[in-house]
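# sequence and predicted structure are below.
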Amino acid sequence: MPTARPCWSTWNPSSKSFAAFIRPEDGAVTQSTTDALTAQCLAVAMDMAARAREIVLGHYGTPPDVEDKADLSPVTIADRECEAAMRDMIAAAFPGHGIFGEEFGAENADAEFVWVLDPIDGTKAFITGKPLFGTLIGLLKDGVPWIGVMDNPALDEVWAGAPGIGATRNGETVRCRPCPDLASAWLYTTSPQMHQGLNFGHFENLRHGCRHALYGGDCYSYGTLARGRADLVCDSSMQPYDYVALVPIVEGAGGRMTDWAGGTLGLGGDGTVIASGDPALHDQAVAALGG
């Protein structure tokens, strides 16, 4: 079973002394450069991913106790332990930052910086032993996705995206592949069942226009797109914690990611998401979805 600790090997913020970036008394940034702030936040995000991985792998592979939430989606003790640990780390490093998490809700969500957490994206996959689940850690700056980390502990893969850095998988740069024509596109969606009502018809219109459609990847589908193995990912019935972390990874790899109308993703929205590896493909996909 994978046990490796996630690391940021393309640019290691620890070489600049993480402690130098914050005042011990209040956690405020003391250097004004974007690079310093990016390094600081990314270092904390990677540490959070490492801690979450330890918790998740401690539960993975054994039959978990499962509860159903009010919306009938499943939750395990691993989900709650992960989010609680990440919230504690955010509070210690950035006491003024907001948090929006799947398990424990929103706190100071109108702050300039808001962390958006999904401790286990793909809980059903985790419960059944399917290895495509992941921990999603996103950071909004002024309401816009800014930094993202996705850790897939069962696959021993950690992905990151941030301004000026691009996107990486296990520390190596990833790029989307060119695919300017919808008829040539390989499309992923988590499940056709997630597309309810009118959304199903719009999704079917997109699916029929693509070369192939594949199902069941959860958050890992977006990594597949970012490394140039797929061309589109289309989901709906999503919550912000399902996608905020993925936007900097997809866009850092050269792709685009919006709602089905082409609008910016954030804490609001209608729960629709379309990601395109080739920006030239994006408008075609949005048009097929009725946007």
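Cool, the structure landed.

# can you name every helix or strand that the lengthiest helix in the chain contacts?
Ranked by number of residues, the top helix in the chain under DSSP state H is helix 34-59. If you count contacts as 3 or more Cβ pairs under 8 Å, 6 or more residues apart in numbering; DSSP states H and E, helix 34-59 packs onto helix 77-93, strand 113-121, strand 134-141, strand 144-152, strand 157-162. C-beta: built from backbone N, CA, C; applies to glycine.

# who are the packing partners of the lowest-mean-pLDDT helix or strand in the chain?
For the chain, the helix or strand with the lowest mean confidence is strand 66-68, at a mean of 72 (criterion: mean pLDDT, DSSP states H and E). Applying 3+ Cβ pairs under 8 Å, 6+ apart, one finds that strand 66-68 contacts strand 74-76.

# partners of the strand it packs on, with directions?
Partner strands and pairing direction for strand 74-76 (DSSP bridges) are strand 66-68 (antiparallel).

# quick one: low-confidence ranges for the stretch 51-200 of the chain?
When residues are selected by pLDDT under 70, those of the stretch 51-200 of the chain lie in 63-64, 69-72.

# try it again with 80
Scanning the stretch 51-200 of the chain for pLDDT under 80 picks out 63-75.

# does F100 touch P240 like I think?
Yes. Counting by Cβ atoms under 8 Å, F100 touches P240, with 6.1 Å between them.

# shared neighbours of those two, which are they?
Taking Cβ atoms under 8 Å, 6 or more residues apart in numbering as the criterion, F100 and P240 both touch 116, 267.

# more neighbours: which of the two?
Legend: neighbour count by other Cβ atoms under 10 Å for F100 and P240, higher for P240 (25 against 22).

# from S184, how far out is the residue nearest to the more buried one when sequence neighbours are not counted?
In space, and not counting its chain neighbours, P240 is closest to L267: 5.0 Å by Cβ to Cβ, 6 or more residues apart in numbering. Going from L267 to S184 by Cβ to Cβ, to the nearest Å gives 34 Å.

# tell me which element A167 is part of?
Counting by DSSP states H and E, the element that carries A167 is strand 166-169.

# that strand pairs with which strands, and in what direction?
Strand 166-169 pairs in its sheet with strand 157-162 (antiparallel), strand 172-173 (antiparallel), by DSSP bridges.

# ok, the closest residue to K141 other than its chain neighbours - contacts?
In space, and not counting its chain neighbours, K141 is closest to F113: 5.9 Å by Cβ to Cβ, 6+ apart. F113 makes contact with 41, 94, 96-98, 139-141, according to Cβ under 8 Å, 6+ apart.

# looking at the residues you listed, which is nearest R227?
The shortest gap between R227 and any of the contacts of F113 belongs to L139, at 21.9 Å (Cβ to Cβ).

# burial measure for the spatially closest residue to the closest one that is not a sequence neighbour, as a count.
Sequence neighbours aside, I147 is the residue nearest to L139 in space, at 4.2 Å (criterion: Cβ to Cβ, 6+ apart). Using other Cβ under 10 Å, I147 is surrounded by 28 other residues.

# all set now, cheers.
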